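K.L.:
with the sequence up front, the predicted model follows.
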Amino acid sequence: MLVNIYGPAHYDRKLEFLEEIQNKVLSSEFPILLGGDFNLVRKVEEKSSGNVDVQLMEAFNDMINTTSLRELHRTGSRYAWTNKQNPPIMCVLDRVLVSNAWEDKFDLSIVVTTPRLGSDHNPILLDTGDILVLKQYYFRFSAHWLNQPGFRDWVQSKWPTRYKFDSLDHWHVTSSKLRRAVKGWGQNKDSQQRKAKQEIMRRISTLDEWSNSRPLAQIEWAERYELEKGLQQILTDEEIQW
């Protein structure tokens, strides 16, 4: 059983939330995994400011002990949430808890915190150790190319001169030549974008690693936020497909 978690932000609902989780786990007859934003920390070190509610922290740990849940070890960023201020407050709100029966079935599972982009949370990736079979993808036109500077003029320059009297014959020739030309242009453009994405991701990862060991300067946080904006535009382009 997979339970997606989004814990309440209001203090007066947190104990009720923990009780609901406890009842759900204890009444389940199936292996169970709970993952998401619990909006609770388990120890003082999970919040950069050290300012935590000890009563709620203890209640959270008591629930985990009572239900015999186990938190899967997480690698990657030290923290998984930030208020995105400069400098920010950071803490661990997102995690994955599993029952013994679930862990017996997926004993190679690992949890990885990936770079935070756009959101105030770091995405958490659960890998159960299963082999992923990748599908082969074929060329297709990407609508975001229409937003690239000079693309429309470039297409017009590549449009073949009509020399076939029959319109259908002419379209067959035109579409074939354009498809080859656009495919090559798209591959070059996407290659440039992938390289830019890798460079931005590499720099963001470096800044995140530094933030795990020392406080970042305000100029470094400002750089990270600007890199995040640039990467968000690249990701938006990648999502626009036709």
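P.N.:
Received, thanks. Numbering: from 1, shown residues only.

K.L.:
every contact and neighbour count from this point should use C-alpha atoms.
P.N.:
Noted.

K.L.:
pull the longest helix from the protein.
P.N.:
As assigned by DSSP state H, the longest helix anywhere in the chain is helix 167-213.

K.L.:
how far is it from where the chain is centred?
P.N.:
Distance of helix 167-213 from its chain centroid, counting by C-alpha atoms, centre = their mean, to the nearest Å, is 20 Å.

K.L.:
tell me what it is packed against?
P.N.:
Here helix 167-213 touches helix 151-158, helix 218-239, going by 3 or more C-alpha pairs under 8 Å, 6 or more residues apart in numbering; DSSP states H and E.

K.L.:
for burial, what's the neighbour tally of the closest residue to Val52 other than its chain neighbours?
P.N.:
Once flanking residues are discounted, Val52 sits nearest to Val44: 6.3 Å by C-alpha to C-alpha, 6 or more residues apart in numbering. If you count neighbours by other C-alpha atoms under 10 Å, Val44 ends up with 15.

K.L.:
now the angle from the helix or strand bottoming out on mean pLDDT in the chain to helix 167-213?
P.N.:
Least confident helix or strand of the chain, by mean pLDDT, DSSP states H and E, is helix 151-158 with a mean of 76. With axes from the mean of the first three to the mean of the last three C-alpha atoms, to 10 degrees defining the directions, helix 151-158 sits at 140 degrees from helix 167-213.

K.L.:
which helices and strands does helix 151-158 pack with?
P.N.:
Partner elements for helix 151-158 (3+ C-alpha pairs under 8 Å, 6+ apart): helix 167-213.

K.L.:
element containing the nearest residue to Asn4 once chain neighbours are set aside?
P.N.:
Of all residues beyond its chain neighbours, the one nearest Asn4 is Gly35 (5.5 Å), with distances taken as C-alpha to C-alpha, 6+ apart. Here Gly35 sits within strand 33-37, counting by DSSP states H and E.

K.L.:
neighbouring strands for that strand, and are they parallel or not?
P.N.:
Paired neighbours of strand 33-37 in the sheet (DSSP bridges): strand 2-6 (parallel), strand 94-98 (antiparallel).

K.L.:
out of the ones you listed, deepest packed?
P.N.:
strand 94-98 (a mean of 22; mean count of other C-alpha atoms under 10 Å).

K.L.:
return it as CSV; C-alpha atoms alone will do.
P.N.:
Written as CSV, here are the backbone C-alpha positions of strand 94-98 (Å, rounded to 0.1, in the frame of the first residue of the first chain):
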residue,chain,number,x,y,z
ASP,A,94,10.1,15.1,3.5
ARG,A,95,10.9,11.4,4.1
VAL,A,96,9.9,7.9,3.3
LEU,A,97,8.7,5.5,6.0
VAL,A,98,8.1,1.8,5.4
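
K.L.:
neighbouring contacts of it?
P.N.:
31-39, 69-72, 74, 80-81, 111, 124 (C-alpha atoms under 8 Å, 6 or more residues apart in numbering).

K.L.:
go with 7 Å
P.N.:
Ile32, Leu33, Leu34, Gly35, Gly36, Asp37, Phe38, Leu69, Arg70, Glu71, Leu72, Ala80 (C-alpha atoms under 7 Å, 6 or more residues apart in numbering).

K.L.:
picking up where we left off before, need the strands paired with strand 33-37 in CSV (columns: mean pLDDT and distance to Ile219).
P.N.:
Listed next are these as CSV, based on pLDDT from 0 to 100; distance: least, C-alpha to C-alpha, whole Å:
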stretch, mean pLDDT, distance to Ile219
strand 2-6, 93, 33
strand 94-98, 94, 27
